[in-house]
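J.: from the sequence below, what's the structure:
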Amino acid sequence: MTKKNVAVVMGGYSSEFEISLKSGAVVCESLDTEKYNIYPIHILKKGWYFISESGDKHSVSKENFSFKNGDITIVPDVIFNTVHGTPGEDGLLQSYWDLIGMPHTTTGFYQAALSFNKRDCLSVLKNFGIKCANSYYINKGSEIPSEEIVKKVGLPCFVKPNRAGSSFGVSKVNTLDQLLPAIDKAFKEDHEVIIETALVGPEVSVGVYTNQGKLVVFSPTEIVSENDFFDYEAKYLGKSQEITPARISEEETIKVQNEAKHVYSILNMAGVTRSEFILQNGEPYFIETNTTPGLSKESIIPKQAREAGMTLTQFFGILIEEALSRTIK
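T.: Residues are numbered from 1 along each chain as shown. This next block holds a predicted model:
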């Protein structure tokens, strides 16, 4: 059996690049070396590079994503995408890979762009009956009618950059005078801001992926933050408990799993996604979906895969084989 060349792409241009490097390192460590030749690729603002075992950098050609490994030119058979944020989660790299005919493990460029834009994604899903929090949107430079915002979404509320991940720029606002500073903070990450009602109830995260064309849903993970909400510290610096399976009823588990699969189907996703919900009065309210969820050792999807009885080697192999089997349209 000829080994496939797998380019594990990590880094990115956003505040999340360090987390992405961790995700990429875990994928490189976990992939089956008997099936795949593994090539770590760093996508950074200063350049795109293959990093050899000796630590040498070799530029990646943007013509066909090829690179040198010694005297040999490698053209990947498939991309394993672990770039969180732009350009790997917002559709930019996906559209480029599709243009050059390169299979990749994440969803299509349109689905990636839509789901990365919280405002547009919520607008689509609400039309399909998916429950979501009340929300208010502001573009940078426009008037900020504080009292009108609070009248619509209430207090407490969450202020978020519209297009960012890992809780960068997110604030929980409890009083009117906290609103403008929170909006300023969010504008440092994006020029669009979304303000949402703070829902009350357990937060759960649900992974969904395709295997041989069939949808598979993981057991939900319950997120219990030591902080006021699931912020960066809670996600990555140990300030939370992530309990898999979630301590919710069987009925709630089935509801939230079905809703996660419904979101995946409505948005016509591919690869693995992780959707976040708040269970308010037993009903799942959709928060967001991630199309390149974290795969570092602290991340939720690897924990859910292990809880399902899979090694990361098996799970990542499924994602690669599924990517190779998809026809680029």
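
J.: quick check: buried residues in stretch 86-101?
T.: For stretch 86-101, burial by neighbour count (16 or more other CB atoms under 10 Å) applies to 86-94, 97-98. (Each C-beta comes from the backbone N, C-alpha and C, glycine too.)

J.: first-to-last residue distance for that stretch?
T.: Stretch 86-101 has its terminal residues 20 Å apart, counting by CA to CA, to the nearest Å.

J.: which residues does it contact?
T.: The contact list for stretch 86-101, computed with CB atoms under 8 Å, 6 or more residues apart in numbering, reads 9, 12-14, 20, 43, 62-65, 79, 81-83, 103-104, 106-113, 116-117, 163, 165, 290-292, 328.

J.: can you pull out the low-pLDDT segments for this protein?
T.: For the chain, applying pLDDT under 70 flags the ranges 164-167, 227-239, 327-329.

J.: quick check: bridge partners of the residue positioned nearest the centre of the chain?
T.: Closest residue to the average C-alpha location of the chain: residue 290 at 2.9 Å, with CA atoms, centre = their mean. Beta-bridge partners of residue 290, counted by DSSP bridges, are residue 274.

J.: what's the answer for residue 6, then?
T.: Here residue 6, judged by DSSP bridges, has bridge partners residue 38, residue 78.

J.: that one: how many residues sit nearby?
T.: Residues near residue 6, counting by other CB atoms under 10 Å, number 26.

J.: once you drop chain neighbours, what's closest to residue 304?
T.: Sequence neighbours aside, residue 218 is the residue nearest to residue 304 in space, at 3.8 Å (criterion: CB to CB, 6 or more residues apart in numbering).

J.: hang on, the earlier thing: which of the contacts of stretch 86-101 count as buried?
T.: 9, 12-14, 20, 43, 65, 79, 81-83, 103-104, 106-109, 111-113, 116-117, 163, 165, 290-292.

J.: the residues you listed in strands, which ones?
T.: 9, 43, 79, 81, 290 (DSSP state E).

J.: can you pull the contacts of the fourth one?
T.: Read that as residue 81. Contacts of residue 81 by CB under 8 Å, 6+ apart are 9, 88, 93-94, 104-106, 271, 292.

J.: now, among those residues, which is nearest to residue 152?
T.: Checking the contacts of residue 81 against residue 152 with CB to CB, the nearest one is residue 292 at 31.5 Å.

J.: please tell me I have it right and that closest one contacts residue 79.
T.: No: assessed by CB atoms under 8 Å, residue 292 is found out of contact with residue 79, at 11.3 Å.

J.: got the domain ranges for this protein?
T.: 4-105, 113-131+200-291, 135-197 (automatic domain parsing).

J.: quick one: neighbours of residue 261, just the number.
T.: Counted with other CB under 10 Å, residue 261 comes out at 17.

J.: from now on call the first residue 308
T.: That works, and once the first residue is 308, the last one we named lands at residue 568.

J.: if I've got this straight, it is in a strand?
T.: No: counting by DSSP: H, G, I helix; E, B strand; the rest coil, residue 568 is not found in a strand; it is helix.

J.: hang on, the earlier thing: same list (the contacts of residue 388) but as a markdown table, adding distance to residue 564.
T.: Below are the contacts of residue 388 laid out as a markdown table (distance: CB to CB, whole Å):
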| residue | distance to residue 564 |
| --- | --- |
| 316 | 29 |
| 395 | 27 |
| 400 | 29 |
| 401 | 26 |
| 411 | 26 |
| 412 | 22 |
| 413 | 21 |
| 578 | 18 |
| 599 | 21 |
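
J.: which of these lies closest to residue 359?
T.: residue 316 (15.6 Å).

J.: list the contacts of that closest one.
T.: So, once contact is read as CB under 8 Å, 6+ apart, residue 316 ends up touching 331, 348, 350, 386-390, 395, 400.

J.: which positions in stretch 563-570 come out as buried?
T.: So, applying 16+ other CB under 10 Å, buried residues of stretch 563-570: 563-564, 566-570.

J.: I'd like those residues written out as TSV, with distance to residue 448 added.
T.: Listed next are the buried residues of stretch 563-570 as TSV, based on distance: CB to CB, whole Å:
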residue	distance to residue 448
563	38
564	41
566	36
567	36
568	39
569	36
570	32
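
J.: skipping its backbone neighbours, what lies nearest residue 550 in space?
T.: Residue 550 sits nearest to residue 529 (CB to CB, 6+ apart), 4.4 Å away.

J.: before we move on, back to that, farthest pair in the buried residues of stretch 393-408?
T.: The distance between the two most remote of these (CB to CB) is 16.8 Å, for 393 and 405.

J.: my guess is residue 386 meets residue 372, correct?
T.: Yes: with contact defined as CB under 8 Å, residue 386 counts as touching residue 372 (7.4 Å).

J.: joint contacts of those two?
T.: 314, 404, 409.

J.: SS state for the nearest residue to the first one once chain neighbours are set aside?
T.: This points to residue 314. Leaving out its chain neighbours, the residue that sits closest to residue 314 by CB to CB, 6+ apart is residue 383, at 3.9 Å. Following three-state DSSP, residue 383 is assigned to coil.
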